[in-house]
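> sequence unknown, structure follows:
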C-alpha cells in the first residue's frame, strides 16, 4: 500500500519548480475568488440563481465559479462585482525573493496573442 501525498507535501517538493508554482498560484486564486463571491452572496441572502440573474449569467456558471472550477475573465469578474455591489480591484505586487519566470499559458491564446505565431507555449528551461 502506497501512502498518499498531501497538497502541502507536493507544494514543498516542487518549491523550485516554476511551472508547479504558477499552476498552484492560479488554483489558489480561483478558489479565493470563488470564496469571496460565495461569502458576499450569502451575506446578501441570495441564491446562486439570484446572483446569476443579476450578473447576466446562468446558475451552473455561478456554481462553477464559487467552487473554483473556472478561471474568470475580467469582464465576468466586473459583472459579478457590480451585481454584488462591489468594486473590482486588480493589483499586481512584488513577491519578496521571487524570480521572474516565463510560464506556460493555460489555454491556447492565453499568452495575449491570437496563437498564430507558432509558439507552443512551453516554459523556458
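Received it, and whenever you're ready, just let me know what you need. Bear in mind the structure is a predicted one, so any value in this text is a computation, not a measurement. Numbering: from 1, shown residues only.

> check which helix or strand covers residue 9.
Under the criterion of DSSP states H and E, residue 9 resides in helix 7-13.

> And for residue 34?
Secondary structure from DSSP H and E places residue 34 in helix 18-43.

> Give the buried residues for that helix.
Residues 18, 21-22, 30, 33-34, 37-38, 40-41 are the ones in helix 18-43 that count as buried (16 or more other Cβ atoms under 10 Å). (C-beta placed from N, C-alpha, C; glycine too.)

> Kindly report the same for stretch 60-67.
Residues of stretch 60-67 classed as buried by neighbour count (16+ other Cβ under 10 Å): 61-63, 65-66.

> Wait, residue 18 touches residue 101, no?
Yes. If you go by Cβ atoms under 8 Å, residue 18 and residue 101 touch, sitting 4.1 Å apart.

> any idea of the mean pLDDT in the helix or strand hosting residue 51?
Secondary structure from DSSP H and E places residue 51 in helix 48-55. For helix 48-55, mean pLDDT rounds to 98.

> and if you look at stretch 94-111?
70.

> can you redo the buried residues of stretch 60-67 as TSV with distance to residue 74, pLDDT and secondary structure?
Below are the buried residues of stretch 60-67 laid out as TSV (distance: Cβ to Cβ, whole Å; pLDDT from 0 to 100; DSSP: H, G, I helix; E, B strand; the rest coil):
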residue	distance to residue 74	pLDDT	secondary structure
61	16	96	helix
62	17	97	helix
63	21	97	helix
65	14	95	helix
66	18	95	helix
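
> List just the nearest of these to residue 47.
Of all the buried residues of stretch 60-67, residue 47 sits closest to residue 62, with 9.1 Å by Cβ to Cβ.

> Correct me if wrong: that closest one contacts residue 52.
Yes. With contact defined as Cβ under 8 Å, residue 62 counts as touching residue 52 (4.7 Å).

> Give me the distance between residue 71 and residue 105.
11 Å (Cβ to Cβ, to the nearest Å).
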